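Novice: have a look at this fold, sequence not included:
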Ligand SMILES: O=C(O)CCC(=O)C(=O)O
Ligand SMILES: [Fe+2]
């Protein structure tokens, strides 16, 4: 079993309505079945993807004192710059986090040379592809044209993270614990080591690494808006022995001041009860951030979308 792969090339030409329709059908099915799919011919240049992973691998092998030159400043809403998970965290990685290039928050490394530029370029491409996906999801949900684009109209909360996972130990191979992404849509590229897994019907499906492929997943915001029509699937990263793993994740996010609730199209207009209470996105984000700073001993005790679920 593997998550579906979709060719996005019809969305980058004007005259392939048929191709777009076929791709949308696959995406619609994938988002309701898996919450995940993979894309090829997505507009992000392969050499840029390769370079970003290679330079990231080089960056994370630098001595701590060099990496810590990009330590986060305090102004940003999330720690933009280089951080390592605290030793008590079940997540075994270090990472470099950034906002959009013009945000003023980013503390990008000077070494390896060119890495900062490559990250900024990747951010810009990821964002474009993320917006294309958001438009497709909009159509898959039969929402009015540009509804999601107008609702999610502020790009200043988007985040990109370059991650380095440490090799597994004899006794322990968790890289990133099971979670759903809180945001709207996420894009991931992983190196050849692999390790990303998606939960479907209680089973873990590995997402095999594939060159020039981007993994896409639906986040909690879309799951709530669609009243569970589309799925924000649980996923995790498993570590491999002897090999460290690089990945790059982009989160098309929502402005914290937005309210999130199931849309009338998926509730009152079709006679269905809303499955979630209305909430302010920044409150949910703060709860999710608390999971990271104060991890619970049991992963199932972490705050997730179920926090706002209405029991039927
Ligand atoms: O590293 C990966 O492949 C996935 C990262 C992820 O799921 C996340 O940061 O939310
Ligand atoms: Fe995730």
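Specialist: Thanks, I have it. Keep in mind that what you see is a predicted model, and the values were worked out from it rather than measured. Numbers count the residues shown, from 1 in each chain. Ligands and ions are numbered 1, 2, ... in the order given.

Novice: what about the residue nearest to residue 1 when sequence neighbours are not counted, how many neighbours?
Specialist: Leaving aside its sequence neighbours, residue 1 sits nearest to residue 205 (CB to CB, 6 or more residues apart in numbering; 5.5 Å). (C-beta placed from N, C-alpha, C; glycine too.) By the criterion of other CB atoms under 10 Å, residue 205 has 18 neighbours.

Novice: and residue 81, by the same measure?
Specialist: 22.

Novice: show me the contacts for it.
Specialist: By CB atoms under 8 Å, 6 or more residues apart in numbering, residue 81 lies in contact with 70-73, 96-97, 106-107.

Novice: so it versus residue 109, what's the distance?
Specialist: Between residue 81 and residue 109 the computed distance is 9 Å (CB to CB, to the nearest Å).

Novice: all helices for the protein, in order.
Specialist: Under the criterion DSSP state H, the chain contains helices at 17-33, 46-61, 64-67, 115-140, 147-151, 220-225, 281-293.

Novice: got the contact list for the residue of the chain found nearest ligand 1?
Specialist: Distances between the chain and ligand 1 by CB to the nearest ligand atom are smallest at residue 247, namely 3.5 Å. By CB under 8 Å, 6+ apart, the contact list for residue 247 reads 162-163, 165, 188-191, 196, 237.

Novice: then residue 278?
Specialist: By CB under 8 Å, 6+ apart, residue 278 lies in contact with 259-261.

Novice: from the residues you listed, which land in strands?
Specialist: 259-260 (DSSP state E).

Novice: quick check, nearest of the contacts of residue 278 to residue 58?
Specialist: Distance to residue 58 across these (CB to CB) is lowest for residue 260, with 39.0 Å.

Novice: is it true that that closest one touches residue 283?
Specialist: No: here residue 260 lies out of contact with residue 283, judged by CB atoms under 8 Å, at a distance of 9.8 Å.

Novice: more neighbours, the two?
Specialist: Neighbour tally, residue 260 and residue 283, criterion other CB under 10 Å: the higher count belongs to residue 260, 25 against 13.

Novice: any idea what that one is bridged to?
Specialist: For residue 260, the beta-bridge partners are residue 279 (DSSP bridges).

Novice: point out where the stretch 201-312 of the chain drops to low pLDDT.
Specialist: The stretch 201-312 of the chain contains residues with pLDDT under 70 at 295, 297, 299-300.

Novice: quick one on the thing from earlier: contacts only, for the residue nearest to residue 1.
Specialist: Counting by CB under 8 Å, 6+ apart, residue 205 has contacts 1-3, 34, 197-199.

Novice: hmm, 10 Å instead?
Specialist: Applying CB atoms under 10 Å, 6 or more residues apart in numbering to residue 205 gives the contacts 1-3, 34, 36, 196-199, 233, 235.

Novice: tell me, what residue is most central in the protein?
Specialist: When CA atoms, centre = their mean is applied to the chain, the residue found nearest the centroid is residue 186 (2.8 Å).

Novice: kindly reformat the contacts of residue 278 as a markdown table containing distance to residue 27.
Specialist: Output for the contacts of residue 278, formatted as a markdown table (distance: CB to CB, whole Å):
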| residue | distance to residue 27 |
| --- | --- |
| 259 | 26 |
| 260 | 22 |
| 261 | 24 |
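
Novice: ok, the contacts of residue 278 vs residue 62, which is closest?
Specialist: Using CB to CB, those come closest to residue 62 at residue 260, 39.4 Å.

Novice: roughly how far does that closest one sit from residue 268?
Specialist: Distance, residue 260 to residue 268, using CB to CB: 17 Å.

Novice: so what's the residue count around the closest residue to residue 75 other than its chain neighbours?
Specialist: If the residues on either side of it in the chain are set aside, residue 75 comes closest to residue 105, at 6.3 Å by CB to CB, 6+ apart. Counted with other CB under 10 Å, the neighbours of residue 105 add up to 19.

Novice: phi, psi for residue 105 please.
Specialist: According to degrees, to the nearest 10, the main-chain angles of residue 105 amount to phi -90, psi -20.

Novice: that one reaches residue 70, doesn't it?
Specialist: No: using CB atoms under 10 Å, residue 105 is not in contact with residue 70, being 11.9 Å away.

Novice: and for these two, which residues touch both?
Specialist: Taking CB under 10 Å, 6+ apart as the criterion, residue 105 and residue 70 both touch 80-81, 97-98.
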